[in-house]
Structures are given as structure tokens and as C-alpha cells.
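Visitor: coordinates only, sequence not included:
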């Protein structure tokens, strides 16, 4: 779909799209990318609606896309599968990695119906996709009772001052195992 | 095991443990708790060693403990299971939740052989255990090639300025689903 169908006032000149004022709005590639972004986000939103209506869990959905195709899908499954880590993004990442037989999502994009919480943002960093697209914000999540914003604040606090108190013991014993791993010749980084 | 066996210079007076200077070191309960912490942390470290030696993944282990018993175990399985979310803490949390048939770890403690990365810390917050005990630090993790510290820094940056660029689209369409969920009578919070 070309942007001029969506916005009749947009003027097309070759591969460029201009406003009637002459201001450059974008080029054909970027407009197509935007259309793709909206299409895949609608799939994530559809999964969010489906999951929450069928009692899977919270109203969140996500898809992983590679070369224009959906390779992973997920909706929140926390309460139905007794798994606090089964957020939509994590479910979609695991689904995509299983399909792609890889622990890395190189060149992929992740579409999430809501801004990822710190757990999911962390998972996204470990999976290393090229892009992240989201719809609702952490404030929207807070407005329906999910305090992701609190989690982001807690991340910043020193371990001893967090709501879930953290204590450190036996560092030197654990360090021996970590250092032994570093010396292991066949170790696989991730 | 009493602290006086570990540290012969500690003096016991009733349920109190004192240093030769008379300074209070702790009471019997806290000393036992410390002994328990070390025992369970050693189990987490054992899993870390076992997992890394057998090629499961990185040198990290974790256990979940409830009422003095291990109810969940995990070692890192990222590379062997093609799952970037399979960090030791996540594996242990999922294991414990499956066993306890609950998506909440009320009254539990999590022992991790290394300070949790943001993904795992997020998972711990969602699982809501009472305590977290860890051994190595995020700096130790960085010293063997795992840049958890970078992840913590990225969490603080606004979405548009992160290494994995984030874009927002279709907020209002996703918000409809989130608001519909809020009105659902049988919804289950987590």
C-alpha cells in the first residue's frame, strides 16, 4: 500500500513522498517498512487480544519477524502455565529460536504490543535482534495494574536496598567455577 | 554446625555468639540462617560447575529454596537448548513453579552463583520470592566475557537511544486490548 492511499495529500515524486508544502515525508523503502511495522504490530496485538480473551494470561502479544516473515509468536501465559517468565516476548523469542535452531535472532525484529518490562528487555538483548517495535508504554501497563515502571526503578538501586533484599555470600567459591570455564577450550559464548 | 566450630575464637553465651572483644557477632538463628545460605549457595555453585563442564551453557547455577528444601534447580542452558532466556535463575524459577504449581514463589529464597542479569532480576521480581542470595558479581561476569553491566546501563537509556533501536507504533490500537482486559471480570492478576 502506498502512503498516498493512506494520506491523500501526500505527493509522490519517483521514490520520494512529499507533503504539499514540499517537505520530504520519506522514501518508498521507509514507507514500506512502516507498512510492514504496522502489519506485524497488528499481529502482535491480535495475539494479545486472543490470549487475554481465552484466559492465557495478561493482554500482551509479541511476534518475531525475519526477512518479512513471522518466525515466532507469543502471548502472555503466566497464569495459565504457572510460569512467571512466560511473558509474550519471552514466549515469542523461545518460539523463534526453536524454529530457527539458534540462540541468536540476528537480523530479526521483535514486535511487542507493550513496551517490554526489564525481564523481557533483558531477554531481547540476549537474543540480539536488530530492532524492537512496541505499541503501549510502561505507563499504559501501570494503568491496568502492571507495575513495570517500578521494576525499572528497582534495577537502578544497589542490591542491598531493593524491595527483594539481596545478600552476597561465597563469591570466591563461585569465582573458581567461572574462571575454570574461561579456560575451557571448547566453550561457546552467547 | 555452630559458628564456634568454624571460627574457634567465637564465644557462645546462650543463643548469642560473641567475639573475644565482647562484640556481638550474631544469635543462634542468624548463624543457622547463614549456614543454610552457604549450604544452598554451594548447591547452586555445584550446578554451575556441572552445567559448564557438561556443555549445557555458561558457568552459572541457581536453586530455589522453600522451608529449608530445594524446590527448583537450574543451570545455564542457553547454547545447548537454543534458548537465550535459559539462564540458570530462569530455569530454576520455572522448575520451582512447575513443582509448586504456582506462578509465585511466596516465602522462597533464590540462590544464584552470580548476581542476576537484568532479565533474571526481572524474572525474580515477577516470581516474588522473599530473598535473593548471590555469589559472584556483575563485574566478575564481565571479566569472563558476559557483559551484564552493559545491560544494566542500557536499561537506563531512553528506548530510542539504546543499542537495539526501539520504535513505537499503533499505541492506540494496543491500548484498546489492554483496557478491555481491565474490564474483564474473571481476570487473574500476576
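Guide: Done, it's in. Computed from a predicted model, the values in this text were never measured in an experiment. Residues are numbered from 1 along each chain as shown, chains lettered A, B, ... in the order given.
Visitor: ok, residue A:190 to chain B distance?
Guide: Plainly put, residue A:190 is 5 Å away from chain B if you go by Cβ to the nearest Cβ, to the nearest Å. The way it works is simple: take the backbone N, C-alpha and C, and place the C-beta from them, glycine included.
Visitor: pretty sure that residue contacts residue A:103?
Guide: Yes. Contact criterion Cβ atoms under 8 Å: residue A:190 and residue A:103 qualify, at 5.7 Å.
Visitor: these two: which has the busier surroundings?
Guide: Here residue A:190 and residue A:103 are set side by side on neighbour count (other Cβ atoms under 10 Å in any protein chain shown), and the busier one is residue A:103, at 23 against 18.
Visitor: can you pull the contacts of that one?
Guide: Residues near residue A:103 by Cβ atoms under 8 Å, 6 or more residues apart in numbering or on different chains: A:97, A:127, A:190, B:78, B:79, B:82, B:83, B:84.
Visitor: doesn't the third one belong to a strand?
Guide: No. Following the definition DSSP: H, G, I helix; E, B strand; the rest coil, residue A:190 is coil and is not counted among the residues of a strand.
Visitor: do you know how far it is from residue B:99?
Guide: Per Cβ to Cβ, to the nearest Å, residue A:190 is found 27 Å from residue B:99.
Visitor: go on, the last one?
Guide: According to Cβ to Cβ, residue B:84 stands 24 Å off from residue B:99.
Visitor: again with the second one
Guide: As judged by Cβ to Cβ, residue A:127 and residue B:99 stand 27 Å apart.
Visitor: more neighbours, the two?
Guide: A direct count of neighbours by other Cβ under 10 Å for residue A:127 and residue B:99 places residue A:127 higher, at 30 against 15.
Visitor: dump the residue contacts of that one.
Guide: Taking Cβ under 8 Å, 6+ apart, we find residue A:127 in contact with A:93, A:97, A:103, A:104, A:105, A:108, A:110, B:84, B:85.
Visitor: got the phi and psi for the residue nearest to the first one when sequence neighbours are not counted?
Guide: Distances taken as Cβ to Cβ, 6 or more residues apart in numbering or on different chains put residue A:127 closest to residue A:93, at 5.0 Å, once the chain neighbours are dropped. Phi and psi for residue A:127, reported as degrees, to the nearest 10, are phi -80, psi -20.
Visitor: cool, residue A:34 as well?
Guide: According to degrees, to the nearest 10, residue A:34 has phi -60, psi -40.
Visitor: then the one 3 residues further on?
Guide: According to degrees, to the nearest 10, the main-chain angles of residue A:37 amount to phi -60, psi -40.
Visitor: number of residues surrounding it?
Guide: For residue A:37, using other Cβ under 10 Å, the count is 19.
Visitor: same question for residue A:126.
Guide: Number of residues near residue A:126 (other Cβ under 10 Å) recorded here: 24.
Visitor: what strand or helix carries it?
Guide: Secondary-structure element containing residue A:126, defined by DSSP states H and E: helix A:118-127.
Visitor: what packs against the helix or strand following that helix?
Guide: Note on helix A:118-127: by DSSP H and E, the next helix or strand toward the C-terminus is strand A:131-136. Contact analysis of strand A:131-136 by 3 or more Cβ pairs under 8 Å, 6 or more residues apart in numbering or on different chains; DSSP states H and E lists helix A:28-53, strand A:108-114, strand B:166-168, helix B:171-183 as its packing neighbours.
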